[in-house]
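After the sequence you'll find the predicted model.
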Amino acid sequence: MSEAALPASPIRAPSPATAAQGTGKKQSQFRLIAACSLGNALEMYDFTVYSFFALLIGKLFFPSDSPYGSLLLAVATFGIGFVMRPLGGVIIGNYADRKGRKAAMTLTIGLMVIGTLCIALAPSYASAGVFGSLMIVAGRLLQGFSLGGEVGAATSMLMEAGGVKGRGFRVSWQLASQGVSALLGALTGAALYAALPQASLESWGWRLPFLLGLLIAPVGLYIRSQLEETHVAESHESSPIGRLLRNHGGLVLKGILATTAGTATMYLVVFFMPTYMIRVLHMPPSLSLLSGCVTGITLFVVSLVAGRLADRLPARKPLVVGSLLFSVVAVYPAFWLISHYPSVPLVLCLSALLTASVNIGTTPMFLMLLEMLPAGVRASGISVVYSIGVTVFGGSSQFIVTWLLASTGSPMAPAFYMMACGLLSLGALLSLREHKAD
């Protein structure tokens, strides 16, 4: 089926199995949002903490004669987790469309816990040699695999478990939870850098944020066990991932390209900016971590506002296009000011501006894609779109920008990368035709 055929059936009618799920009492919106957001929040918290301790992790687990060499290896390990995301997106997304969103979400949070434990308990290179480094890599691979399927299952459930009117707000909590995670991760990192001497940080202090993050896992598992399923496939239906690629391959490809701007902004401004402030602008670590706090708050607030706008606007595409245009135009002068007049207040303000400018359109864009995909392939579709987009343009972004900084010596390297991603997203988005669900 070509994409042009989509308007005839943007969303399939619920199957009997699905419809049966709706006969029970209405799910609590608070419980639904908490259950669907906690797994994503835990994963993003771990990603945030890893990013903020990348310099230290590079020193402890990837020793090198060059400071940039250790950092490159550390951010490469950060990026290697993204390699598993497409595989997780295909396997767990397919599982979510076959067995249900709830079953997939229970699986992903268990895998997240194992991955986080591998990182938190890994012995340093000095004490265990390459074994410690391999444990860090194994933890990142497990985290990436789980999140590859988590986003599709959880976002699909947020969209499906309620009326059409509040879809944007419910879906917005997937991004808003990332903002909360970035904020908590940054606050934890800043507190540890301020409270502990360097020796304590290197010996045990850096492990604390990962161990603290695990406390949320039992809560997440319990709340998810209480959810009502929103979709179960008919037993005679073929493989969801096969139907997705056959019938909606063009939409999936355009969706992947459309996510590049938001992905690049998220992983460079929210996660990489602290490292950029320390390594390039030579600011103290404790102050640099404040950028994570500011961007986390911004992402939280802007995502919820964007969700409300998506529910109220007659069309969502103009909002997404406008946000992309503004972010492409704003990124170069923002980094020029940061590099020529480096100060903590300026970096914080411009980081918030860049985060807000692109993310005001991210929730509406994901809602457009969710509504264009039939329920039987929705979790698979969003999982594949998100995992591949984030892998290609997010997981590699820190490594690419670090390499560009080392090779060119230009502090403008992040701006050029983000502008290229913004233009690519804009082109893909303009080729999509919005089909707002009834």
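Structure received.

gap between residue 349 and residue 429?
According to C-beta to C-beta, to the nearest Å, residue 349 and residue 429 sit 27 Å apart. In this view, the C-beta of every residue, glycine as well, is placed from N, C-alpha and C.

Distance of residue 248 relative to residue 369?
In this view, residue 248 and residue 369 are 10 Å apart by C-beta to C-beta.

residues shared between the contacts of these two?
Contact with both residue 248 and residue 369 is made by residues residue 381, according to C-beta atoms under 8 Å, 6 or more residues apart in numbering.

Show the average pLDDT along the helix or strand where residue 176 lies.
Using DSSP states H and E, the element containing residue 176 is helix 167-195. Mean pLDDT, helix 167-195: 86.

got the buried residues for it?
For helix 167-195, a neighbour-count test (16 or more other C-beta atoms under 10 Å) marks 167-190, 192-193 as buried.

which residues of the stretch 151-300 of the chain score low on pLDDT?
Within the stretch 151-300 of the chain, the ranges that satisfy pLDDT under 70 run 234-237, 286-289.

For it, which segments are assigned as helices?
Along the stretch 151-300 of the chain, counting by DSSP state H, counting those that start in this stretch, helices occupy 167-195, 198-203, 208-213, 216-225, 240-258, 260-265, 273-279, 285-288, 290-312.

Look at the closest residue in space to residue 220 that isn't next to it in sequence and say how many residues are nearby.
Excluding the flanking residues, the one nearest residue 220 by C-beta to C-beta, 6 or more residues apart in numbering is residue 38, at 3.8 Å. The tally of other residues near residue 38 (other C-beta atoms under 10 Å) stands at 21.

From what I see, residue 38 and residue 223 are in contact.
Yes. At 6.8 Å, residue 38 and residue 223 qualify as touching, with contact defined as C-beta atoms under 8 Å.

so who does the residue nearest to residue 316 when sequence neighbours are not counted touch?
In space, residue 316 comes closest to residue 364 once its chain neighbours are excluded; the distance is 3.8 Å by C-beta to C-beta, 6+ apart. With contact taken as C-beta under 8 Å, 6+ apart, residue 364 is in contact with 168, 306, 309-310, 313, 316-317, 319-320.

Sort out which of the residues you listed are buried, if you could.
168, 306, 309-310, 316-317, 319-320.

Export those residues as JSON lines, with columns for distance to residue 73.
Output for the buried ones among the contacts of residue 364, formatted as JSON lines (distance: C-beta to C-beta, whole Å):
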{"residue": "168", "distance to residue 73": "41"}
{"residue": "306", "distance to residue 73": "36"}
{"residue": "309", "distance to residue 73": "42"}
{"residue": "310", "distance to residue 73": "40"}
{"residue": "316", "distance to residue 73": "41"}
{"residue": "317", "distance to residue 73": "41"}
{"residue": "319", "distance to residue 73": "40"}
{"residue": "320", "distance to residue 73": "36"}
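
wait, residue 98 sits on residue 240?
Yes. Residue 98 is within contact range of residue 240, at 6.2 Å (criterion: C-beta under 8 Å).

still on that earlier bit, what's the helix or strand for the residue nearest to residue 316?
Residue 364 is part of helix 362-372 when elements are defined by DSSP H and E.

could you pull out the helices for the stretch 1-150 of the chain?
Using DSSP H, counting those that start in this stretch, helices in the stretch 1-150 of the chain cover 16-21, 29-52, 54-61, 67-83, 85-99, 101-120, 125-128, 130-160.

now these as CSV including distance to residue 330?
Shown next, in CSV, are the helices of the stretch 1-150 of the chain (distance: least, C-beta to C-beta, whole Å):
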stretch, distance to residue 330
helix 16-21, 43
helix 29-52, 23
helix 54-61, 26
helix 67-83, 25
helix 85-99, 28
helix 101-120, 34
helix 125-128, 41
helix 130-160, 27
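
Out of those, point me to the one whose mean pLDDT is lowest.
Lowest mean pLDDT of the helices of the stretch 1-150 of the chain: helix 16-21, a mean of 38.

Who are the contact partners of residue 363?
Residue 363 touches 168, 171-172, 175, 303, 306-307, 310, counting by C-beta under 8 Å, 6+ apart.

Dump the residues you listed to CSV, plus distance to residue 47.
Output for these, formatted as CSV (distance: C-beta to C-beta, whole Å):
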residue, distance to residue 47
168, 25
171, 20
172, 19
175, 14
303, 17
306, 21
307, 22
310, 25
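
And those, which is closest to residue 265?
Of all the contacts of residue 363, residue 265 sits closest to residue 175, with 11.6 Å by C-beta to C-beta.

Is the closest one in contact with residue 361, as I believe?
No. At 11.0 Å, residue 175 does not count as touching residue 361 under the criterion of C-beta under 8 Å.
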